[in-house]
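*Asks:* Provided below are the primary sequence and the corresponding predicted coordinates.
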Amino acid sequence: MRIFLWIGIAAAVPAVGWAQSSFTEAREHRATDDVAISACGDAVNREVRSRNAMASQVEVDEAHASPATESRTDIAGGGHLRDGSGGTRKFTFRCSYDIRAGNTSNVSVWL
């Protein structure tokens with residue numbers, strides 16, 4: 001009897017974990033996410049160019065939006081730039097977008 005209960009519990013654990021992870025990953029895409037990603041991409045581009053005057057072709061390769069509050073979306077991602085010597089450098093970034101005010105803040109770039 002103990003073996004049967006132990007097996008029953010063990011078999012149920014993966015199903016519960018799977019359901020929770022699927023639910024967590026399936027977030028609704030907010031209409032403002034694309035606007036927030038674009039605005040943060042522009043802010044990141046300005047920040048990179050202000051810190052590296054020789055930077056050209058600053059590109060955001062990936063960006064992920066996560067709602068922080070009803071009026072703020074946080075964006076994180078990465079990209080690359082072509083430096084003055086023609087080489088490519090990667091960077092990561094983080095930014096917040098205020099939906100109500102329509103502006104960015106807390107722009108951080110790691111080159």
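*Replies:* Okay, I see it.

*Asks:* got any ranges where this structure has weak pLDDT?
*Replies:* Applying pLDDT under 70 to the chain picks out residues 1-29, 31.

*Asks:* the strands in it, which residues?
*Replies:* 56-67, 72-82, 88-98, 103-110 (DSSP state E).

*Asks:* So for the last one, what gets flagged as buried?
*Replies:* Spelled out, it's strand 103-110. Residues of strand 103-110 classed as buried by neighbour count (16 or more other Cβ atoms under 10 Å): 104, 107, 109. Bear in mind the C-beta positions are built from the backbone N, C-alpha and C, glycine included.

*Asks:* which one of the residues you listed is nearest Arg89?
*Replies:* Val109 (11.2 Å; Cβ to Cβ).

*Asks:* Hmm, Asn45 and the closest one touching each other?
*Replies:* No - using Cβ atoms under 8 Å, Val109 makes no contact with Asn45, being 9.6 Å away.

*Asks:* So Leu111 sits against Ala55, correct?
*Replies:* No - counting by Cβ under 8 Å, Leu111 stays clear of Ala55, with 9.1 Å between them.

*Asks:* which of the two has more neighbours?
*Replies:* Ala55 (18 against 14; other Cβ atoms under 10 Å).

*Asks:* Right, I'll call it a day here.
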